[in-house]
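Enquirer: sequence below, structure please.
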Amino acid sequence: MNITKFIAAFIVLSLVGMPTISFAKARGGSGGGFSSGSRSGGSSGSMGSRGSRTHQDNGAKPIEQSTTAKPAATPPPSTSNSPAAQPAPAAQPSFLQRNPLLAGIAGGIAGSWIGHMIFGATDSSARTTENGEGGAHGEQTAGASGSNWMLLLLMVMGAGALYYYLKGRRTPAPDFSGISRSTAVSGSLLAESSAAPTLRTATIDSEITTADKSAFQQSLIEIQTAWGRQELPGLRRLVTPEMLEYFSTGLAEQASQEIANHVEDVVLQRAEVRESWVENTAQYATVNLHWTARDYTVSLTKQPGEAGYLVEGNKETPTETTEVWTFMRYQHGKWLLSAIQQVA
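Expert: Okay, here's the model as predicted:
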């Protein structure tokens with residue numbers, strides 16, 4: 001029981017510690033904004049979810065941290081057109097299989113007749129021998145027995161001939177292995193059924209308006225400002241739950257190291273929509289954002305002006321940053337940040 005509790009505790013602690021490890025890898029140990037780990041040569045710093053396009057190549061660095069599972073590296077080979085993949089046509093049941101009652105009756109009559117011929121002739125021969133009868137009558141009985149055996153042989157041959165005759169007349173099942181959607185007659189039921197949509201998430205390209213772009217700009221400023229002020233409640237209303245977990249882990253890391261990253265005077269210089277699409281009731285938009293801001297990190301254990309107070313960055317000079325952000329919303333609601341990617 002103690003071993004079981006120890007294993008359970010180890011698994012729980014591993015799951016709790018995993019976000020911190022992932023975040024440290026994303027930032028690469030640098031200061032700067034939340035996702036700017038790549039500036040100091042760290043790892044990609046790309047995280048979040050983009051719906052069904054999370055792991056698709058969109059020109060930016062691939063997302064390495066996401067709750068969306070990666071698809072298989074190599075799709076299973078398509079065997080829809082392979083002859084071996086086509087199901088074998090079902091065998092047509094025989095006449096006797098289609099009519100079991102008639103088969104039973106015929107079998108019973110044939111069995112009774114054969115039994116009567118065999119055992120009746122044997123019994124008659126035995127009685128003749130016991131009574132001492134011989135001569136012409138014995139020869140007559142032997143001739144009758146031989147006739148019965150001949151009749152039995154003819155019945156067997158007739159049954160075999162009937163079986164092969166019925167087998168030859170059996171209608172073969174239709175074979176559709178050579179028919180595909182391209183060869184099906186237009187307007188036929190086969191053509192309509194083969195054109196049915198497959199079960200997968202449908203994505204439809206959507207338009208991004210000027211109002212949407214303004215919303216992206218406002219989200220950028222509010223998210224960076226809330227991050228610089230370490231305001232987790234302010235971030236909660238601007239990002240998806242998955243992104244909130246990354247932000248929360250990052251703020252916890254700063255608190256543990258007794259530092260604070262400030263991002264101030266954010267000014268969006270350029271915004272370019274890479275792609276936008278709709279999945280069910282969710283709308284997504286991936287945007288190139290280029291902005292400037294005063295981005296620096298200070299020590300919480302030092303006073304301004306003391307040595308070691310400025311950990312990284314420049315408090316006076318703005319720096320330029322370019323990242324790829326993906327926003328999503330439900331049913332024309334408020335846009336939320338769902339993924340951040342570094343430029344390739």
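Enquirer: care to break the chain down by domain?
Expert: As assigned by automatic domain parsing, the chain contains the domains 20-67+202-342, 95-168.
Enquirer: mind listing what Met328 touches?
Expert: 51, 240, 282-285, 335-336, 338 (C-beta atoms under 8 Å, 6 or more residues apart in numbering). Yep, even glycine has a C-beta here, placed from its N, CA and C like the rest.
Enquirer: what's the neighbour count on the closest residue in space to it that isn't next to it in sequence?
Expert: Leaving aside its sequence neighbours, Met328 sits nearest to Ser338 (C-beta to C-beta, 6 or more residues apart in numbering; 4.4 Å). Close neighbours of Ser338, defined as other C-beta atoms under 10 Å, add up to 25.
Enquirer: surely Ser338 is in contact with Gly48?
Expert: Yes: between Ser338 and Gly48 there is a contact under C-beta atoms under 8 Å: 5.3 Å.
Enquirer: name the residues contacting each of those two.
Expert: Joint contacts of Ser338 and Gly48 (C-beta under 8 Å, 6+ apart) are 240, 242-243, 326.
Enquirer: about what we covered before: quick check: which element contains the residue nearest to Met328?
Expert: Assessed by DSSP states H and E, Ser338 sits inside strand 336-342.
Enquirer: could you measure from the residue nearest to Glu222 when sequence neighbours are not counted over to Ala215?
Expert: Distance criterion C-beta to C-beta, 6+ apart; nearest residue to Glu222, sequence neighbours excluded, is Leu238 at 5.7 Å. Using C-beta to C-beta, to the nearest Å, Leu238 is found at 11 Å from Ala215.
Enquirer: distance of the residue nearest to Met328 relative to Thr281?
Expert: For Ser338 relative to Thr281 (C-beta to C-beta), the value is 14 Å.
Enquirer: what of Leu153?
Expert: 79 Å.
Enquirer: shaky segments in this protein?
Expert: Along the chain, segments meeting pLDDT under 70 span 1-44, 73-149, 164-165, 167-202.
Enquirer: mind running it again at 80?
Expert: When residues are selected by pLDDT under 80, those of the chain lie in 1-44, 72-203.
Enquirer: mind listing the strands the longest strand anywhere in it pairs with, and their directions?
Expert: Secondary structure of the chain per DSSP state E: the longest strand is strand 259-279. When pairs are called by DSSP bridges, strand 259-279 turns out to pair with strand 203-205 (antiparallel), strand 282-299 (antiparallel).
Enquirer: test my guess that Glu316 contacts Asp265.
Expert: No: with contact defined as C-beta under 8 Å, Glu316 does not reach Asp265; the gap is 10.6 Å.
Enquirer: by contact count, what packs against the helix or strand where Trp227 lies?
Expert: Using DSSP H and E, Trp227 sits in helix 210-228. Applying 3 or more C-beta pairs under 8 Å, 6 or more residues apart in numbering; DSSP states H and E, one finds that helix 210-228 makes contact with helix 232-236, helix 241-257, strand 259-279, strand 282-299, strand 319-330, strand 336-342.
Enquirer: right, so those: which one is the most enclosed?
Expert: strand 336-342 (a mean of 24; mean count of other C-beta atoms under 10 Å).
Enquirer: partners of the nearest residue to Thr203 once chain neighbours are set aside in the sheet?
Expert: Once flanking residues are discounted, Thr203 sits nearest to Trp277: 4.5 Å by C-beta to C-beta, 6+ apart. For Trp277, the beta-bridge partners are Asp205, Tyr284 (DSSP bridges).
Enquirer: and Trp277, how far is that from Val156?
Expert: 74 Å.
Enquirer: repeat for Leu336
Expert: For Leu336, the distance to Val156 - C-beta to C-beta - is 84 Å.
Enquirer: and if you look at Ser206?
Expert: 78 Å.
Enquirer: so what's the closest residue to Gln65 other than its chain neighbours bridging to?
Expert: The shortest distance from Gln65 to any non-neighbouring residue, by C-beta to C-beta, 6+ apart, is to Met47 (4.0 Å). On the basis of DSSP bridges, Met47 is bridged to Gln65, Ile340.
Enquirer: my guess is Met47 contacts Leu337. True?
Expert: No: counting by C-beta under 8 Å, Leu337 is not a contact partner of Met47; they are 10.8 Å apart.
Enquirer: find residues that contact each of these two.
Expert: Counting by C-beta under 8 Å, 6+ apart, the residues touching both Met47 and Leu337 are Met243.
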